[in-house]
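> Give me the fold of what follows.
(one chain, ligands or ions: 1)
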Amino acid sequence: MKKIVILISGRGSNMQSLLDAKLPCEIVAVISNRADAGGLAIAQARGIATAVVSHRDHPDRAAFDAELAHVIDAYAPDFVVLAGFMRILTTPFVDHYRGKLINIHPSLLPAFAGVHTHERALSEGVKIHGCTVHFVTPTLDGGPIIIQAAVAVLPDDTADSLAARVLCEEHLIYPQVLLWLCEEKVWLSATGSVASRELSHSGSALISPSLD
Ligand code: GRF
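All right, here's what the predicted structure looks like:
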């Protein structure tokens, strides 16, 4: 059975969606860079090992990433899942987990990489927004895309209402990707693109605003 380590920084709702999905894998640890991350208590209540590696205890990104990798590697995971992990990772760290490191981002990448995605989507006036799960490469939010989910942006949306609708989709697509990874239906190819087998594809369109 594949082993998964989840990295979080906050409330951990995506982590919880992975725990709730009863995936055919073993979630061996949840690691946070913040001791006050709400998701830690959720993981502990499920009997999952937790650890805190605080970025504040390290002089620079390289030292933090080295310690983080040390703690992760003790669990010998097949996949390392970033679920609201709010630290930029160094190239050596990312390269160490090539093909094993995945992230969820609250926008339709490559639009709105970085932070404040919902505010930026509203201020740009896009009519369709969403979320993306991708393999992590050294380029921030730039790795090969595995899946995306789109939602309509509504006329009275605030950043919070839009974030809530996108988050519902995050909770659907992240467990799906983990299932595909565990079943070896999706993987990162030697050339750095996403390879897959046996995935379904629908040609249906999301048009926003709707047609009359
Ligand atoms: C999610 O929107 C995720 O896409 C982003 O940070 C948020 C984390 O939320 N990277 P949670 O901690 O999973 O609830």
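
> Look at the residue nearest to the spatial centre of the chain and report its pLDDT.
Computing the C-alpha centroid of the chain and ranking residues by CA atoms, centre = their mean puts Ile104 first, at 2.4 Å. Per-residue confidence (pLDDT) for Ile104: 98.

> Isn't it up against Val133?
Yes. At 5.1 Å, Ile104 counts as touching Val133 under the criterion of CB atoms under 8 Å. In short, each C-beta sits where N, CA and C put it, glycine included.

> what are the pairing partners of the strand or helix carrying Ile6, and which direction each?
Per DSSP states H and E: Ile6 is located in strand 2-8. According to DSSP bridges, strand 2-8 forms sheet pairs with strand 25-32 (parallel), strand 79-82 (parallel).

> Make a markdown table from these and add distance to His58 to it.
Formatted as a markdown table, the strands paired with strand 2-8 follow (distance: least, CB to CB, whole Å):
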| stretch | distance to His58 |
| --- | --- |
| strand 25-32 | 14 |
| strand 79-82 | 18 |
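
> deepest of those, which one?
Ranked by mean neighbour count under mean count of other CB atoms under 10 Å, the strands paired with strand 2-8 are led by strand 79-82, which reaches a mean of 23.

> hmm, back to that, how about the contacts made by the residue nearest to the centre of the chain?
Ile104 sits next to 14, 82-84, 131-133, 170, 173-174 when contact means CB atoms under 8 Å, 6 or more residues apart in numbering.

> where's it relative to the ligand, distance?
4 Å (CB to the nearest ligand atom, to the nearest Å).

> dump the residue contacts of the residue in the chain positioned nearest to the ligand.
Nearest residue of the chain to the ligand: Gly84, at 2.7 Å (CB to the nearest ligand atom). Residues near Gly84 by CB under 8 Å, 6+ apart: 8-15, 39, 104.

> Please produce JSON lines containing these, extended by distance to Thr137 and secondary structure.
Converted to JSON lines, the contacts of Gly84 look like this (distance: CB to CB, whole Å; DSSP: H, G, I helix; E, B strand; the rest coil):
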{"residue": "Ile8", "distance to Thr137": "21", "secondary structure": "strand"}
{"residue": "Ser9", "distance to Thr137": "20", "secondary structure": "coil"}
{"residue": "Gly10", "distance to Thr137": "23", "secondary structure": "coil"}
{"residue": "Arg11", "distance to Thr137": "26", "secondary structure": "coil"}
{"residue": "Gly12", "distance to Thr137": "24", "secondary structure": "coil"}
{"residue": "Ser13", "distance to Thr137": "25", "secondary structure": "helix"}
{"residue": "Asn14", "distance to Thr137": "20", "secondary structure": "helix"}
{"residue": "Met15", "distance to Thr137": "22", "secondary structure": "helix"}
{"residue": "Gly39", "distance to Thr137": "25", "secondary structure": "helix"}
{"residue": "Ile104", "distance to Thr137": "15", "secondary structure": "strand"}
